[in-house]
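Student: structure of the sequence below:
(3 chains)
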Amino acid sequence: MSSLRIRNLSFHYGDQRVLDGFTATLHPGKFYCVLGPNGSGKTTLLKNIQKLLAPKKEAVYLCGKDVSETSIKELAKVLATVPQETSMTFDFSVLDYVLTGRAPHLERFQRESQGDYEAAKEAMEHTGIWPYQQKSVRALSGGELQRVIIARAMVQDPRVLLLDEPISHLDLYHQIHVLELVKQYSRKKNLTVVAVLHDINLASAYGDEMLLLKDGKVFLQGEPHAVIHEQSMQQVYGMDCLVLENPLTGKPHIIPHTGERRKI
Amino acid sequence: MSYFHKKNLYRKLFLGLFLGLILAMVFATTLGAADLSFRDSLHIFAERIPLLRRLLPPSTVADKYQVILWQVRMPRILLAATVGMGLSVVGAALQGLFKNPMADPYIMGVSSGAALGASLGITLLGLGILQGGFTVQLMAFIGALLTVYLVYEIAKVGHRVPITMLILAGVAISAMASAMISILLLLNRDQADQIIFWTMGSVAAARWKQLMWLMPLVMGSSLWIYSYGRTLNLLLSGEDAAHGLGVDVEKTKKQLLFISSITVAFVVSVSGIIGFVGLIVPHGVRLVLGGDHRVLLPFSALMGALFMVFSDTLARTLLAPMEIPVGAVTALFGAPYFIFLLYRAKRKGGFI
Amino acid sequence: MFKKFGIFTLTLVMIMSLFVGCAKEAPEESLIETPVVEKEDNAEAPETPKRYPMVIEDTLGEEIVLEEKPQRVVSVAPSITESFFALGLEAFLVGRTDYCDYPEKAQEVTSVGTLREPNLEKIIELEADLVIASTHFEEDVHEKLQELGITVMVLNPNDSFEGVYEVLKKIGMAMEAEDAAEELVLSMKNHVQEVKEKVQHLETPSVYYVVGFGEYGDFTAGGDTFIHEMIEEAGGFNVAQDVEGWSYSLEKLIEKDPEVLIVSKYYDTKAQIIEAQGYKDLSAVKNQRVIEIDNNLIDRQGPRLAEGFEALARAIHQEAFE
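Tutor: Okay, here's the model as predicted:
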């Protein structure tokens, strides 16, 4: 069974068509990267999957369930999201914050149990933030915070993990580190990861499959080699690039033509 | 220290404070315009407890003091505690819901609507058009609910209810209601005193019959709101994030607003408009115990009850035998504290 | 700049004071009060001396000048209205307040509104040549009427029997009805004396006079009030004499537990109070000694005050009073 199936999803903002008959099938255990220029519909796509925007009937299926007919709580049991940035207005301790990831699995009057605590501990140890458990979330750096949020997503125990540009604001070390974490975790739990990334090269290095969007539709879907090449970059981004093979990973690596060229 | 680890501590603290509340209420029954000693007061209480009664020497306390304690003081102390509880819990919840530290239980114009209803009731009763002693309460209740409904309808945008719109609509409707009350006051000078008295809030007219339904109602809704503690924490982290964790944000807003409005409408119809309690008690609790709603809500309930018992005791003993409306006492405390909060906010640059 | 402003203001003030001065200028008449004619034999058909213009000092200490006998009088108080009817002067009454409901015939007179805010247009429309006010008369209304050139006389009994008699006498004087006034005052005095004699040898029960009760507070006649005096003179013991003013508290009432509760017969007061939480446990309620009286008799401090005094005595002593 596919973990995420999108059929002919269209979405308007006013009279602007942002998603136009979007169709894609995603399978468990794979790391998908969603690429595309601004306005190609990436964020709208994620919002539809999360049901932050209401998709039409029979347009989005998550683990076999029609999203438009599923309750928000049920959705949260299988779907976790890591947003780009989170503002911490609240003075939670890291432990309490991660524990909130258990919320979808708890009833109204139910309290967090020892089992929930263990799950949180495990997730926090994986992400290396267990030493900070009593620290206030407001006292964390960007990188630490993003790891906390990933830990929380893990604690949610989802089948599908959505990431909306999760590393754009992080330094180089943390960018790599976070992606590594996510990749390991998804392998371990056989998750479906859908990550919107701006950095095409990082996407290429970590993603199992790419989805390249243009004008609200899937332009190309497939392994990095099949999707990232000079033609597709030109057609989708209008960019002239040089596409090489990354010597470390063997995956495609783009080098855009910048203004100044070296004189040969 | 995280909430998870402190749970037991909080439980014990809650129980302790609860006992403190009971003691405070017992103590409050010994104070009043009539001359009743502490011993006699305890004696009267003990008589009601079947086991203790046998251990006691026969009562030397006159019947009339029993009447004073059970029929005059006890009901109003209980009413004060109930009102304090209801207003504080709702205040805390709305502060979280509106993400606004200045929010209080009357933010949706409930107070003006109730006051208008009550003013109409008083005026029409005074003119002999309406009959019956409870009608002012009923009118106040209807006024409160109608106002909330009106504000809600105005602020609605499709299926969503933007918080900013709610606040603005509340302000507008409040202004309108206040204007209408002013006109009523002008046209009915004879009832002016009563109207003003009502709006200042009082628990003097506490009746057991009212308490019979008001107490369970307020306790029930406080408990229900408490169950939203985790959800409120999530909402404060961001509506989208809360959504991602399974919170139906719009539905939750509606549910919380609904139960808050009903609770406040009931409280206001019985006691008039007692201000500042719903605003400052949650802030006070936050200062000491932090902003986690699973802690904030129950402790606001307790401290609110305590605060009101205290204020009411002052209200009826400061200038005895004359009674100050309890709303005036809470304002006397509340206003300076509110200003203090503003100064803190200025220095810190905003806080929850 | 400042200098200009100062001069402007000064000029303005000067001009305004001119106006004020003009308005206040009342015609100077002889200040000798014309003597009150004694009760004489009708047979002697005396030459009635010229009474008017007459100057009467009202309760506020103002000298009211009556050029001629007032023909169209507006009363702005129930006590004044009642006085006019009691003195047989109803023919001269052209205006009354909404509250002037006694005697019944008074309701046929045109109403000018309330005591606090009588409708000025109506008063002018009625071409009143004299307005008599009593309590609750607002100063700005007073001034406004004077500005409009209407003669206003304020007669306030000021919480005493003597005061009430004074008011009646002054009305009598103003309206050429001194005889009627004297008669009425005498009969009232006799009435009061009768009542006092009756209660002299009776027991003195403890009494609480309900002015107001319930959620808006408890109000009664404190030790410094007129009603308190009357209760004491009527042979009762006012339990609320330990306070001054009107505020009391339910607790104290229960503590004092008076033998008799006196309530107003209006607004269903008795029915409400015997059912009310706290009040219903009072001895007076249990022993059915909650007595209704027509409080208007007392509150209005008018010609029926002696009746009110008797009603009070009856309420206090009940059968023993007969």
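Student: name whatever forms a beta bridge with the spatially most central residue of chain A.
Tutor: Central residue of chain A (CA atoms, centre = their mean): A:L163, 1.9 Å from the mean position. Per DSSP bridges, the residues bridged to A:L163 are A:V82, A:A195.
Student: pLDDT score assigned to it?
Tutor: pLDDT recorded at A:L163 is 93.
Student: list the contacts for it?
Tutor: A:81-82, A:182, A:193-197 (CB atoms under 8 Å, 6 or more residues apart in numbering or on different chains). Placement of C-beta: from N, CA and C, glycine included.
Student: I'd like the residues you listed as JSON lines, with pLDDT and neighbour count appended.
Tutor: As requested, the contacts of A:L163 are exported to JSON lines (pLDDT from 0 to 100; neighbours: other CB atoms under 10 Å in any protein chain shown):
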{"residue": "A:T81", "pLDDT": "93", "neighbour count": "26"}
{"residue": "A:V82", "pLDDT": "91", "neighbour count": "24"}
{"residue": "A:V182", "pLDDT": "90", "neighbour count": "24"}
{"residue": "A:V193", "pLDDT": "93", "neighbour count": "25"}
{"residue": "A:V194", "pLDDT": "93", "neighbour count": "26"}
{"residue": "A:A195", "pLDDT": "93", "neighbour count": "26"}
{"residue": "A:V196", "pLDDT": "93", "neighbour count": "23"}
{"residue": "A:L197", "pLDDT": "91", "neighbour count": "24"}
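Student: show me which of those is closest to A:I254.
Tutor: A:L197 (12.9 Å; CB to CB).
Student: quick one: the closest one from A:F109, how far?
Tutor: According to CB to CB, to the nearest Å, A:L197 and A:F109 sit 40 Å apart.
Student: and if you look at B:A305?
Tutor: Taken as CB to CB, the span from B:A305 to A:F109 is 22 Å.
Student: for A:L4, which residues count as its bridge partners?
Tutor: A:L26, A:L62.
Student: from chain C, how far out is it?
Tutor: As judged by CB to the nearest CB, to the nearest Å, A:L4 and chain C stand 64 Å apart.
Student: and for that residue, the neighbour number?
Tutor: Residues lying near A:L4 (other CB atoms under 10 Å in any protein chain shown) number 23.
Student: before we move on, what about the one 5 residues further on?
Tutor: A count of neighbours around A:L9, defined by other CB under 10 Å, yields 24.
Student: quick check on it: phi, psi?
Tutor: For A:L9, the backbone dihedrals (degrees, to the nearest 10) come out as phi -80, psi 120.
Student: and A:A80, by the same measure?
Tutor: According to degrees, to the nearest 10, A:A80 has phi -120, psi 150.
Student: list the contacts of it.
Tutor: A:A80 touches A:101, A:152-154, A:156, A:158, A:160-162, B:244, counting by CB under 8 Å, 6+ apart.
Student: now, among those, which is nearest to chain C?
Tutor: B:G244 (50.6 Å; CB to the nearest CB).
Student: which residues sit in contact with the residue nearest to that closest one when sequence neighbours are not counted?
Tutor: Among residues not flanking B:G244 along the chain, A:T81 sits closest, at 4.3 Å (CB to CB, 6 or more residues apart in numbering or on different chains). Going by CB under 8 Å, 6+ apart, A:T81 touches A:46, A:50, A:153, A:161-164, B:244.
Student: where along the stretch 151-300 of chain C do the helices fall?
Tutor: C:161-174, C:178-199, C:226-233, C:250-256, C:269-273, C:283-286, C:295-299 (DSSP state H, counting those that start in this stretch).
Student: in JSON lines: the ones you listed, plus mean neighbour count and mean pLDDT.
Tutor: Putting those into JSON lines (neighbours: other CB atoms under 10 Å in any protein chain shown; pLDDT from 0 to 100) gives the following:
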{"stretch": "helix C:161-174", "mean neighbour count": "21", "mean pLDDT": "93"}
{"stretch": "helix C:178-199", "mean neighbour count": "16", "mean pLDDT": "94"}
{"stretch": "helix C:226-233", "mean neighbour count": "20", "mean pLDDT": "94"}
{"stretch": "helix C:250-256", "mean neighbour count": "24", "mean pLDDT": "91"}
{"stretch": "helix C:269-273", "mean neighbour count": "17", "mean pLDDT": "91"}
{"stretch": "helix C:283-286", "mean neighbour count": "17", "mean pLDDT": "93"}
{"stretch": "helix C:295-299", "mean neighbour count": "20", "mean pLDDT": "92"}
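Student: go through these and name the closest to B:P321.
Tutor: helix C:250-256 (5.4 Å).
Student: what's the closest one in contact with?
Tutor: B:32-35, B:64-65, B:67-68, B:71-73, B:321, C:206, C:208, C:213, C:218, C:220, C:239-240, C:278-279, C:281-282.
Student: please redo it, this time with the cut-off set to 6 Å
Tutor: For helix C:250-256, the external contacting residues (CB atoms under 6 Å, 6 or more residues apart in numbering or on different chains) are B:32-34, B:64, B:67-68, B:72, B:321, C:218, C:239, C:278.
Student: kindly check the end-to-end length of stretch C:67-87 for me.
Tutor: The straight-line separation of the ends of stretch C:67-87 (CA to CA, to the nearest Å) is 21 Å.
Student: I'd like the average pLDDT over it.
Tutor: 93.
Student: buried ones in it?
Tutor: Across stretch C:67-87, burial judged by 16 or more other CB atoms under 10 Å in any protein chain shown covers C:70, C:73-87.
Student: out of those, list just those in helices.
Tutor: Among those, DSSP state H puts C:78-86 in helices.
Student: for chain A, which segments count as helices?
Tutor: Going by DSSP H, chain A shows helices at A:42-50, A:72-78, A:94-99, A:114-126, A:142-155, A:172-189, A:200-206, A:224-227, A:230-237.
Student: B:L217: which of those is closest?
Tutor: Here helix A:72-78 is closest among these (CB to CB), at 27.9 Å.
Student: could you confirm whether the closest one reaches chain B?
Tutor: Yes - using CB under 6 Å from any CB of the partner chain, helix A:72-78 reaches chain B at A:72-73, A:76.
Student: before we move on, the earlier item: looking at the contacts of A:T81, state which has the most neighbours.
Tutor: Going by other CB under 10 Å, B:G244 tops the contacts of A:T81 with 30 neighbours.
Student: report pLDDT for that residue.
Tutor: 91.
Student: burial check on the residue of the stretch 201-322 of chain C at minimum distance from chain B, number of neighbours?
Tutor: Distances between the stretch 201-322 of chain C and chain B by CB to the nearest CB are smallest at C:E215, namely 3.1 Å. Applying other CB under 10 Å, we find 18 residues neighbouring C:E215.
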